[in-house]
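Participant: After the sequence you'll find the predicted model.
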Amino acid sequence: MEGDEIMTKATIEEKQYLVRFKADKESHLKITDQSICLENCPDKPCTYFCPGEVYKFEGNRIQVGYEGCHECGSCRIGCPQNNIEWKYPKGGHGVIFQLA
Ligand code: SF4
Ligand code: SF4
């Protein structure tokens, strides 16, 4: 109908496209003990709950791509072994959300 606006919802991929990062040289995320990941965490939920896909299990260890962290804080509560040390990036670094 004339005059009607069709509203479309942005997909998560479209929203992710608006996210920018200013990465620090040092990681603000740390796995406390890699042997816990290897031996006591069969499901490795960090590899799927993190919206930034920061955690990847490669070569028998969790690799941490901290540069893509969205600072949502989920890994502080999502790791069943409490094995992730999380803090905000240093001032002036980290995620930049753009509205468009
Ligand atoms: S969820 Fe925690 S313990 Fe499990 S693999 Fe990830 S960091 Fe390691
Ligand atoms: S704070 Fe969120 S985006 Fe960053 S590593 Fe943890 S779960 Fe991933």
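Facilitator: Great, that's in hand. Ligands and ions are numbered 1, 2, ... in the order given.

Participant: all strands of the chain, in order?
Facilitator: 19-22, 29-31, 55-58, 61-64, 84-86, 94-97 (DSSP state E).

Participant: tell me which residues in the third one are buried?
Facilitator: Neighbour-count burial for strand 55-58, counted by 16 or more other C-beta atoms under 10 Å, picks out residue 55. (Glycine included, C-beta is placed from N, CA and C.)

Participant: That one and ligand 2 in contact?
Facilitator: No - Strand 55-58 lies apart from ligand 2 when judged by C-beta under 6 Å from any ligand atom; the minimum separation is 6.8 Å.

Participant: any idea of the mean pLDDT for that strand?
Facilitator: What strand 55-58 shows for mean pLDDT is 97.

Participant: partners of that strand in the sheet?
Facilitator: Strand 55-58 has the following strand partners under DSSP bridges: strand 61-64 (antiparallel).

Participant: check whether stretch 21-30 contacts ligand 1.
Facilitator: No - using C-beta under 6 Å from any ligand atom, stretch 21-30 never reaches ligand 1; the gap is at least 9.6 Å.

Participant: Any buried residues in that stretch, and which?
Facilitator: Buried, per 16+ other C-beta under 10 Å, within stretch 21-30: 21, 23, 27, 28, 29.

Participant: Also stretch 62-72?
Facilitator: Result for stretch 62-72 [16+ other C-beta under 10 Å]: buried residues 62, 64, 66, 67, 68, 69, 70.

Participant: ok, now which ones touch the third one?
Facilitator: Read that as residue 66. Applying C-beta atoms under 8 Å, 6 or more residues apart in numbering, we find residue 66 in contact with 23, 27, 28, 29, 54.
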